[in-house]
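K.L.:
Fold the stuff below for me.
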Amino acid sequence: MIKSVCDLRFCKWLSVATVLLMFLSSYLFSQKVQSGLFFSAGVGTNLNFHSAEFKSIPSGEACCQGFTNGFGLGENLFAGIEYKFPKKMFGREIGVRLNLAYSNLSADLTREEFIGNIITGNNHTQGISEHIVESIISMIMIEPQFIIFPLQEIPISTFAGFQFGIPLSMNYMQEERLISPDFGTYENGLTVRNHSDGEIPLPTSLYFALSIGARYELYKFGNFSILPELKFNLGLTNLTTNLDWKPSSLTLSAVLQYNPSVSETIPPAQPPPPVILPPPQPEAPELVLKAYYKGTEIHNGETINVNVRDTLFVTSYLVSPIIFFRENESEINENGKSPETQEEALILSIKAVKKYLENNPDANVTIISSSLENEHQDVTRHRVDDVIEKLDVDKNRIKQKNFIKNNNLKYPELSDENRFIKFDLGNNKQGLIVFGDTIVKSALDKIDIEIDPIIKSNDEYDFNGQIIIDDDNKISLNKGKQIYTLNDVLKSEKLKLGLPIQIDGKVKDKSSQEASAELSLNLKAEPIGKVVIENSVNKDGTNFTEYILGFCEFGKADFYSINQHAIDFTMNAVKSGKKIEIIPLTDSLGSADYNKNLAIRRAETAIKLLSLNKNNINVTIPDRFFFSNSTPEGRLLNRSVLVRIY
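P.N.:
The predicted model follows:
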């Protein structure tokens, strides 16, 4: 590459001007108060990026497919003056700066070209040329910039502005070099051809770029500072009037900055005021705070143990181990969050199957896939492969059964229900359970603290005091002895970790004499038990527990999957004398009379499963659908039987 250097005369005068400016300002502003004026000088390196779209310098040989970009390094020297405004804008300090700079924007543009095969004996080698344009470009830059100081605590500043450049030198060298094979030459006997160099024709008279950057005050000594500065300059004008060739640069500089001082007029000292003797003061007031809990005085630093009872509300969902698919799709719709509805739980049945196999390492699973004859031939394989991958178990534990069914079904909705993968775990119809989020509610014993401010004063006074739990929770104190209940402003979660509270009081009499007192206490939770409530429902002011007892096939009353946990819970509830309600559900397919008879038969199956006397059971056939009938999952849930325990 052609080497480029700073114009020695310009660099010399730029350095001399910078030093003279600093010493002149030091002489003019020699007092102790620093001004908003700054002088700076910097030296740095440009990482130049050239974007281009041309095949040749007009006086050179045309290149290959054309040059598109180039890179290079160059020096950057500048001196400038800066002013920081005394007023802020949007709460931030701002300023302006004007720099005079010398900037080297040189770069190399290269492009490789295949020129043919070189035959040597029985072998051939690809001939590859490298076209190169080496540019030497230096400019005098005028750089107006706007500065903002975004952070008060950190000495960092950002700036944006423009570059206006006047070219000093714009030279180039263009040639074609043979880079492969290394033993070959061109027709001229050399490894280089089409060489040309000289000044770049038709150079631009003014270069224009947008600038943005940041700097950091690394070190400060006296009125001087050292700042590393990073700036990006986006070139907007071409280097020549007839070529698409724009230079941009990334500049890293080290800056020396000088902040001169300005003189400050010190007003003459005011004469001392006459001495006025204050009137005699009454005795200062006195204050003591006493606190009592359950009739016992508690002293500074002591801990109060508070009884806490936790109630865990757990939601469990019975899921049928089946996954439905859309036509010609194999994607399994699942997410990582805990289910909040029965429909969401059913979609997570594959996770329930995986967990069952992990907890039962001797258990096997049969994957039963069903597709329709109008689907793609390979869609079943994709569905099964995806399921096996998500199960992530030993494939020796997996068996497969595949069925292809025709599409001549009684109801169109049944087509959606015959594109599925079902899991047979051989566990005697026992369904799988998916748990939702567990909600913990804690109940605290009543926390009554009696506060007694004991005040001694010979004058009228004002009293202010408060119990401080945290910044958002405070209770004001009255002048006299009083009981304060803390439960309304306490959170049991914080109490479990131990919670400090502060009791502060202040007395001020008419002569502005004050007395204050404080008392620090700690509250700590003392767990005394835990209650688990599962599937609790509150509807119209009535509390009950609700389970899905089991699932039925379409048009059938027998259960193909049951909830053994719900069966055991219900039978124990009957022994405890609780009220039982059976709610048999149906989907929307079929007539109303048919579905009503089907619901009655499903209720009878549930009563028989629970071994209960039907005269002691309340059976409710709902007049609405509990779940959606627009999806296979919703219709499957509508073919279940619910049990409620009151």
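
K.L.:
Helices along the stretch 201-350 of the chain, start to end?
P.N.:
Secondary structure of the stretch 201-350 of the chain (DSSP state H, counting those that start in this stretch): helices at 342-347, 349-359.

K.L.:
by contact count, what packs against the longest one?
P.N.:
By that I understand helix 349-359. Other elements packing on helix 349-359 under the criterion 3 or more Cβ pairs under 8 Å, 6 or more residues apart in numbering; DSSP states H and E are strand 322-324, helix 379-391, strand 432-435. To be clear about C-beta, it is placed using only N, CA and C from the backbone, and glycine gets the same treatment.

K.L.:
This protein - how does it break down into domains?
P.N.:
8-262, 286-310+442-531, 318-432, 536-645 (automatic domain parsing).

K.L.:
Those into TSV, with extra columns for mean pLDDT?
P.N.:
What follows is these, written out as TSV (pLDDT from 0 to 100):
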stretch	mean pLDDT
domain 8-262	87
domain 286-310+442-531	88
domain 318-432	88
domain 536-645	91
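
K.L.:
Can you check which of the ones you listed gets nearest to residue 273?
P.N.:
For the domains of the chain, proximity to residue 273 was assessed by Cβ to Cβ; domain 286-310+442-531 is nearest, at 19.9 Å.

K.L.:
and the closest one, how far apart are its ends?
P.N.:
Its first and final residues considered, domain 286-310+442-531 spans 50 Å by Cα to Cα, to the nearest Å.

K.L.:
next one: stretch 451-469
P.N.:
With Cα to Cα, one end of stretch 451-469 sits 15 Å from the other.

K.L.:
who's in contact with that stretch?
P.N.:
If you take Cβ atoms under 8 Å, 6 or more residues apart in numbering as the criterion, stretch 451-469 is touched by 282-283, 285-292, 449, 474-477, 479-482, 484, 486, 489-490, 499, 501-511, 513, 517.

K.L.:
Point out the ones among those residues that are inside strands.
P.N.:
Judged by DSSP state E, the contacts of stretch 451-469 include 286-292, 449, 474-476, 482, 484, 499, 501-509, 517 as members of strands.

K.L.:
Is it possible to mark the buried ones in these?
P.N.:
287, 289-291, 449, 475, 484, 499, 501, 503-509, 517 (16 or more other Cβ atoms under 10 Å).

K.L.:
Correct me if wrong: residue 127 contacts residue 178.
P.N.:
Yes - with contact defined as Cβ atoms under 8 Å, residue 127 and residue 178 form a contacting pair (7.3 Å).

K.L.:
hang on, residue 235 packs against residue 244?
P.N.:
No - taking contacts as Cβ under 8 Å, residue 235 lies outside contact range of residue 244: 11.7 Å.

K.L.:
who has more neighbours, these two?
P.N.:
More crowded of residue 235 and residue 244, by other Cβ atoms under 10 Å: residue 235, with 22 against 14.

K.L.:
residues touching the more buried one, list them.
P.N.:
For residue 235, the contact set (Cβ under 8 Å, 6+ apart) comprises 207-209, 246-249.

K.L.:
from those, which two are the most distant?
P.N.:
Spatially, the most separated pair among the contacts of residue 235 is 208 and 249, at 13.5 Å (Cβ to Cβ).

K.L.:
Neighbour count for these two, which is higher?
P.N.:
residue 249 (26 against 12).

K.L.:
would you list the helices of the stretch 201-350 of the chain in JSON lines and tack on mean neighbour count?
P.N.:
Below are the helices of the stretch 201-350 of the chain laid out as JSON lines (neighbours: other Cβ atoms under 10 Å):
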{"stretch": "helix 342-347", "mean neighbour count": "21"}
{"stretch": "helix 349-359", "mean neighbour count": "18"}
